[in-house]
Each structure stands twice: as structure tokens, then as C-alpha cells.
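> Here is the input, now give the coordinates:
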Amino acid sequence: MSKSSPFPSSSLPLVEVVENVDINSIPQDIFDSEVPIVLKGLVKNWPLVQKGLNSPQMAVKYLKSHYNGKPAGAYYGSPEIEGRYFYNDTLSACNFSIKKTQLDEFLDSIIEHLNAPQPPSFYIASNDIKQHFPTLLNDNDICFDPRALGGVVPRASIWIGNKTLVSCHYDELSNIACCAIGHRRFTLFPPAQIENLYPGPFHPTPGGQVVSMVDFSNPDYVKFPKFKQALEHACIADLSPGDALFLPTMWWHQVESFDRFNTLVNYWWTPSHPMMGKASTVLMHALLSLRDQPELEKAAWKHIFDYYVFADPDLSREHLPEHTWGVLAPPNDIRARQLKANILNKLNR
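Model prediction:
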């Protein structure tokens, strides 16, 4: 990269970049990809992007024109955290506070500290656009064909702040992240690298999801030696204003925002029917019921889960008459309600 690049140098490989993708007709193979893909210039014509290229002040004025006045939670950190939203030294709490605030005042605070050498950290994370900026999507949106997403409509969120670093984590949903204002770097790892990323506690968390305990800018290889193995599988996606990133479900990602004012709009979805519930709930139940069982018993249950859950669904039912399938049958609303009622009944005993 040239010396004028806003992105720090990196030895990690770059994510594949695809150009000239039609914002109104994203190819199906993008949504089906098992690896991240940068969609160069996908949203370059959004008015929000153009306002940001002009100046942060113009972008803030534009955002305010779409704000409906409802307060929302915002992150506030001292200058000392340098935008890294993480834990305190004892991991007993996070290193920032969350306050209900008027978003126009929040935006003013960023502009007020725009040229400060060590500004406080300001951040709005995963704000539902329709809840607070209800008209923003009228001219700043992606046209999705629900058939390409398994029949669902994605949820649009907005992220606003000054320089920030969101620690490496995964999300259960697929994602298209659109860099509207400022420059962002995603450092990415496939799901299999979880052990080498040293996940932190389930509670508290800086943003509702477990995060890697490794400081990527200064990794402690004595404390986290396997992080070197994670780096062998890592890649980066550098996004300039107007670029977007397709991020498959469950990929780990650290997100850095480099400018003094940054805005990202992202779209989250899962092709799974809502009746199926969240897999993270299964994980919590497994921690309760399986993790501390004898090794022999855990090994047996692993085979059972492989057979009933992780293998082709037909494997467990193809030798049975259809009228006996019961819970092995393809899911529908009735079976989902029956299963949930049965689970709740057992949990309440």
C-alpha cells in the first residue's frame, strides 16, 4: 500500500475483492459464499457516503435530518482507552459506560472533539435504523431479493463513532457491512479458529458477545501462544467509504475504525426460520447438561449429536416409515411449538 493509505500496513492476506456489483441485484453466489468478500464501491452513490466525503459536519447535519428524537444507548469511554472497547484490568466490568442519550447531542459531541489530540471515545453500536433514523433508508439502502436470503428480510443497523476498535468476536447472523463514512479494517478468522483466539467470559461482555482476549496490536504470545496459529488462517478486509463486506455467519472479526468520524450501515439475516430458535440457547443448555459429564459419556453423546444434528437430516429417518418420523421430520410451526413446549416442560421439572 502507498504511504498515503489510511490503513496500517499488514502482512496478512487480503480478502477477495469483487467490483461492479449491482446494488439492486447482488449475485446469489455472494450470499452463498463460505468466505468473506469485499464488494468494492457497492454503496458509493448513497447520499450518506457523499456527505461524508465532503465533511464530517455535513454528514452529521444529514444524519440529524433523519433523526426522530428518540433516545438510544451510547458508549462513552475515557481518552485512555483509545477507542478500544474492552474490559477493565480485573475483567469485572467493561472499560466504558453506556448511557441513554439524544443522538443529535451525541453527534455534536463527536464534532466538538473532532480535532482534539486525545478525544474521549464515542460509539453507537448496532442501532436499529428504523427506530431512530426512520427515513434514512429511503435513499441509503440495498435492494435485497428475499428469495436469495432464504425468504427473510434483513435488519438494517447503523454504527457511529470516532476512532474505535471492536474486539474480535463472531455473530450468529450473516452480514453485509457497508462502510459509509471513514475507513474500516476487518481482521477475519474462520470459525474453526475459536480455540486459538482465546474467547473471554460470557458475562460481562463489551457488546453482548464473547470476544477474543488477545490484543492484536501487541499480542502476548506467552499468555496466548496459539494465537500464532490463528494468524496463519487470518485475512483482512480494508473498506473505504462506499465499500461493503459480505461476512458469512460465525466468522470471527475484529473491526477497527480509523477516522475521527465513522459510520457503518450493516444488514443482518439468517435463512433459518424464526421457529427454529437460536443455536446459542442450545450451547447454554449443553454447558449445563453435558460439559461436566464423564468423558466416556460425553464421547457417546458426541456420536449421537453427530448423527441427529450435524449429519444430513435424511440419515436419521430414511430407514423409517414417514408416519413415525416425529421430531425427525422437517421442521414446521406445529412441530416447533411442540418441541419448545416439551423442552420447557423438562426444564421446569
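> which residues are contacting stretch 291-304?
Under the criterion C-beta atoms under 8 Å, 6 or more residues apart in numbering, residues L290 lie in contact with stretch 291-304. Where C-beta positions appear, they are placed from N, C-alpha and C, glycine not excepted.
> Equivalent analysis for stretch 70-85, please.
Contacts for stretch 70-85 (C-beta under 8 Å, 6+ apart): 94-103, 106, 118-125, 127, 131-132, 161-167, 206-207, 257.
> Centre of the chain to that stretch, how far?
18 Å (C-alpha atoms, centre = their mean, to the nearest Å).
> follow-up on the earlier one: list only buried entries from the contacts of stretch 70-85.
When these are checked for burial by 16 or more other C-beta atoms under 10 Å, the buried set is 94-96, 101, 103, 106, 119-125, 127, 132, 161-167, 206, 257.
> Could you list which of these belong to helices?
Among those, the members found in helices (DSSP state H) are L103, F106, H132.
> mind putting these in TSV, pLDDT and distance to C179 included?
Listed next are those as TSV, based on pLDDT from 0 to 100; distance: C-beta to C-beta, whole Å:
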residue	pLDDT	distance to C179
L103	97	20
F106	97	20
H132	97	20
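> Tell me the one of the residues you listed nearest V35?
H132 (32.9 Å; C-beta to C-beta).
> quick one: contacts for the closest one?
Contacts of H132 (C-beta under 8 Å, 6+ apart): Y67, N68, K70, A72, L103, I158.
> make it 7 Å
H132 makes contacts with Y67, N68, K70, A72, L103, as judged by C-beta atoms under 7 Å, 6 or more residues apart in numbering.
> what does C94 give?
Contacts of C94 (C-beta under 7 Å, 6+ apart): Y87, P204, P206.
> try 10 Å
Y75, G77, I81, Y85, F86, Y87, N88, P204, T205, P206, G207 (C-beta atoms under 10 Å, 6 or more residues apart in numbering).
> In the sheet, which residues pair with it? Tell me.
Y87 (DSSP bridges).
> From V255, how far off is it?
17 Å (C-beta to C-beta, to the nearest Å).
> Contacts only, for V21.
P27, I30, I37, V38, L39, K40, G41, L42, A244, F246.
> Let's see the pLDDT reported for the first one.
Per-residue confidence for P27 comes out at a pLDDT of 94.
> Phi, psi for the closest residue in space to it that isn't next to it in sequence please.
Once flanking residues are discounted, P27 sits nearest to V21: 7.1 Å by C-beta to C-beta, 6 or more residues apart in numbering. Dihedral pair for V21: phi -80, psi 130, per degrees, to the nearest 10.
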